[in-house]
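Asker: Need coordinates for the following:
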Amino acid sequence: MSGFKRKRESLELFVKEQIIGPGAFNKRYFFIEKLEANEFKGLDIKTTSVRAFDNKSEVLTEVPAYQYSSAILFPETRTKLPEGTTVKSSSISNDDGDVDDNETEEVNTGADDDNIKDDSGESLVSKQQNYPNSLGLSFVVSRDTDLQKDIMLGVSFRKYVNISKKSCLSNKLSCLITEYEVEIENAVASYFNPLFATARINNNLFIYLNQEITKTNIYDVDYIHLNHFLQSKLIDTLKSVLGSDLVELKNKNGVTYYGVKADYELQFYSIAESISYGGTEYINVAALYDNSLISFVKDKLKKDIVNYATCKNLITEIEIFSQLKNYVTDLKSVYKPRNASPVWESKSYDNIQLALPVFEGEGHVFRSKQLLVDADNKEISDLKYYVQYIRKNDEIFVKIILLNKASILLKENEPPQLNKKDEANEKAFFGVKILVEEKNQYQLKQYNPPQLLDFDEE
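Answerer: Just a heads-up that it's a prediction; the model follows:
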């Protein structure tokens with residue numbers, strides 16, 4: 001494979017990971033207690049051959065519909081209205097006898113997450129642009145094709161479940177450590193025990209919270225554990241590298257600032273005599289000014305690459321501290337007593353086979369009733385589809401429409417944006433894909449009109 005093609009495929013994969021998923025968090029979070037059932041079981045997850053896009057049971061610390069923006073089928077939205085209000089028709093309907101509650105109406109979900117309500121006429125296409133509940137695919141076969149024997153139709157998608165803090169703790173929500181494994185493993189054992197712990201499984205190292213975060217210990221993460229690690233490792237290395245060039249710059253309000261004096265003062269870190277949070281007083285608390293420190297190191301390397309030998313250990317300690325700080329901060333944010341980050345876990349449904357109905361009669365048009373994607377699975381009972389056939393000359397035009405028939409009832413003045421609503425995310429279908437394959441060759445015919453046909457516009 002040429003370098004150009006490899007780069008293009010890598011870029012396409014990255015775009016899919018970020019827009020459709022899975023893979024936006026790049027294999028960052030895992031439940032240790034569920035690794036035996038994980039798709040990456042037994043693999044070295046850090047390697048590039050293990051793709052984030054294949055992480056079908058991915059864990060996100062963000063609402064899925066806020067993270068992903070395409071290939072999503074949202075539930076329908078309705079607003080509770082006063083009695084006697086006239087009902088407007090729902091977004092996409094089919095003659096299946098469904099009747100809407102006479103006290104609800106469809107909500108115009110607006111554009112770009114602005115709270116817009118527009119009572120003017122609006123096409124179905126524009127309504128579907130922001131929070132669509134339908135997706136379609138059309139193709140063409142010859143008139144002689146046996147649609148039940150010659151064509152195979154499948155649909156794939158993901159569902160996400162909101163995971164509670166208690167479940168995260170019991171299943172050991174963890175971050176995968178991708179660099180400096182030995183150093184971080186030793187640091188956790190020496191400076192973060194017993195609040196945090198590590199586990200090594202199949203050549204993968206994970207860090208997880210070992211005790212519950214409460215109002216009384218949440219500040220211990222920064223002002224005891226990280227503080228001790230920062231002073232014992234990075235700041236000690238900084239003192240060793242800079243020697244007498246590292247000086248006290250000033251003391252103000254019980255905080256002493258340290259750095260170097262050149263054409264101007266450059267602060268690298270400070271030590272506070274005491275800080276009080278949550279009713280606890282923390283003594284001798286350090287704060288790192290990493291931007292100025294990194295800029296200082298870069299300038300030294302620009303002046304002379306020989307300085308790398310002097311700065312090498314300092315660079316390593318900066319990277320280790322930065323990564324470990326990110327790991328413990330991300331895990332802490334999930335368990336915070338207030339405003340905690342949400343945790344969502346994906347479940348993948350792959351290539352569920354859909355039955356194509358028989359084209360009955362000799363008419364030119366056939367439209368099926370709504371059918372269940374999987375009649376045996378109640379978890380996805382809201383996902384339905386219907387099929388439309390049109391005979392034209394020696395060809396049959398086939399259209400498949402997937403519908404999310406779940407619905408959300410909004411309060412009268414509630415903002416209609418769905419991507420941040422938990423209920424909408426629980427009822428949505430993500431990464432939806434319809435795949436048509438030939439059981440027998442040469443059944444699918446070329447179908448690439450220069451303009452959309454009426455058949456495709458719905």
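Asker: The stretch 201-350 of the chain: strands as residue ranges?
Answerer: In the stretch 201-350 of the chain, the strands defined using DSSP state E, counting those that start in this stretch lie at 204-209, 247-252, 255-261, 265-277, 280-288, 343-354.
Asker: Out of those, which gets nearest to L418?
Answerer: Closest to L418 of the strands of the stretch 201-350 of the chain, according to Cβ to Cβ: strand 343-354, at 14.8 Å. C-beta: built from backbone N, CA, C; applies to glycine.
Asker: quick one: strands adjacent to the helix or strand following that closest one?
Answerer: Going down the chain from strand 343-354, the next helix or strand is strand 365-367, by DSSP states H and E. The strands beside strand 365-367 in its sheet (DSSP bridges) come out as strand 383-392 (antiparallel).
Asker: before we move on, back to that, which of the strands of the stretch 201-350 of the chain is buried the deepest?
Answerer: strand 204-209 (a mean of 22; mean count of other Cβ atoms under 10 Å).
Asker: by contact count, what packs against that strand?
Answerer: With contacts taken as 3 or more Cβ pairs under 8 Å, 6 or more residues apart in numbering; DSSP states H and E, strand 204-209 sits against strand 173-177, helix 181-187, strand 196-201, helix 308-335.
Asker: ok, now with 10 Å
Answerer: For strand 204-209, the packing partners by 3 or more Cβ pairs under 10 Å, 6 or more residues apart in numbering; DSSP states H and E come out as strand 29-31, helix 165-170, strand 173-177, helix 181-187, strand 196-201, helix 308-335.
Asker: Would you mind giving those as JSON lines with distance to S276 added?
Answerer: Shown next, in JSON lines, are the helices and strands packed on strand 204-209 (distance: least, Cβ to Cβ, whole Å):
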{"stretch": "strand 29-31", "distance to S276": "33"}
{"stretch": "helix 165-170", "distance to S276": "26"}
{"stretch": "strand 173-177", "distance to S276": "30"}
{"stretch": "helix 181-187", "distance to S276": "27"}
{"stretch": "strand 196-201", "distance to S276": "24"}
{"stretch": "helix 308-335", "distance to S276": "19"}
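Asker: Which stretch among these approaches V241 most closely?
Answerer: Within those, the stretch nearest V241 is helix 308-335; the backing value is 4.9 Å (Cβ to Cβ).
Asker: Report the angle between the closest one and strand 343-354.
Answerer: Angle of helix 308-335 versus strand 343-354, following axes from the mean of the first three to the mean of the last three Cα atoms, to 10 degrees, is 80 degrees.
Asker: Helix 308-335 to strand 196-201, inter-axis angle?
Answerer: Going by the same axes, to 10 degrees, helix 308-335 makes 100 degrees with strand 196-201.
Asker: what is the rounded mean pLDDT of helix 308-335?
Answerer: For helix 308-335, mean pLDDT rounds to 96.
Asker: now stretch 137-146
Answerer: On average, stretch 137-146 scores 92.
Asker: Quick one, which of the helices and strands packed on strand 204-209 gets closest to V358.
Answerer: Of the helices and strands packed on strand 204-209, nearest to V358 by Cβ to Cβ is strand 29-31, at 45.1 Å.
Asker: Contacts for the closest one next, please.
Answerer: 37-38, 40, 45, 55, 57-61, 163, 167-168, 170-176, 201, 204, 206, 208, 330-331, 334, 343, 345 (Cβ atoms under 10 Å, 6 or more residues apart in numbering).
Asker: hmm, back to that, quick one: the strands of the stretch 201-350 of the chain as CSV, columns for distance to N404 and mean pLDDT too.
Answerer: Listed next are the strands of the stretch 201-350 of the chain as CSV, based on distance: least, Cβ to Cβ, whole Å; pLDDT from 0 to 100:
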stretch, distance to N404, mean pLDDT
strand 204-209, 35, 98
strand 247-252, 59, 95
strand 255-261, 55, 95
strand 265-277, 45, 94
strand 280-288, 48, 96
strand 343-354, 13, 97
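Asker: With distance to L13 as new columns, can the ones you listed be given to me in JSON lines?
Answerer: Below are the strands of the stretch 201-350 of the chain laid out as JSON lines (distance: least, Cβ to Cβ, whole Å):
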{"stretch": "strand 204-209", "distance to L13": "22"}
{"stretch": "strand 247-252", "distance to L13": "48"}
{"stretch": "strand 255-261", "distance to L13": "43"}
{"stretch": "strand 265-277", "distance to L13": "40"}
{"stretch": "strand 280-288", "distance to L13": "35"}
{"stretch": "strand 343-354", "distance to L13": "17"}
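Asker: So which of those strands is nearest S138?
Answerer: Across the strands of the stretch 201-350 of the chain, closest to S138 is strand 343-354 (Cβ to Cβ), at 14.5 Å.
Asker: Each with direction, which strands does the closest one pair with?
Answerer: strand 59-60 (antiparallel), strand 151-163 (antiparallel).
Asker: The last one relative to strand 173-177, how many degrees between them?
Answerer: This means strand 151-163. Orientation check (the same axes, to 10 degrees): strand 151-163 against strand 173-177 gives 110 degrees.
Asker: thinking again about what came up before, would CSV of the strands paired with strand 343-354 with mean pLDDT be doable?
Answerer: Formatted as CSV, the strands paired with strand 343-354 follow (pLDDT from 0 to 100):
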stretch, mean pLDDT
strand 59-60, 98
strand 151-163, 97
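Asker: Buried deepest among these, which one?
Answerer: The highest mean neighbour count among the strands paired with strand 343-354, using mean count of other Cβ under 10 Å, belongs to strand 59-60: a mean of 23.
Asker: List of residues touching the very next helix or strand once past that strand?
Answerer: Per DSSP H and E, strand 59-60 leads on to helix 64-67 as the next helix or strand towards the C-terminus. For helix 64-67, contacts defined as Cβ under 10 Å, 6+ apart pick out 18-19, 21-22, 24-25, 58, 60-61, 72, 74, 113, 131, 158-160, 162, 342, 344-346, 417-421, 424-426, 428, 430-431.
Asker: next one: stretch 331-342
Answerer: Applying Cβ under 10 Å, 6+ apart, the set of residues contacting stretch 331-342 from outside is 29, 60-64, 66, 162-163, 165-166, 168-169, 173-175, 195-196, 207-209, 211-216, 218, 221-222, 278, 330, 343, 420, 422, 425.
Asker: Out of the helices and strands packed on strand 204-209, which is closest to G259?
Answerer: Within the helices and strands packed on strand 204-209, the stretch nearest G259 is helix 308-335; the backing value is 14.0 Å (Cβ to Cβ).
Asker: orientation of the closest one relative to strand 204-209 in degrees?
Answerer: Note on geometry: by the same axes, to 10 degrees, helix 308-335 and strand 204-209 are set 50 degrees apart in direction.
Asker: Just want the angle from helix 308-335 to strand 280-288.
Answerer: Interaxial angle, helix 308-335 versus strand 280-288 (the same axes, to 10 degrees): 140 degrees.
Asker: buried stuff in helix 308-335?
Answerer: Buried positions in helix 308-335, judged by neighbour count with 16 or more other Cβ atoms under 10 Å: 311, 314-315, 317-318, 320-321, 323-325, 327-328, 330-332, 334-335.
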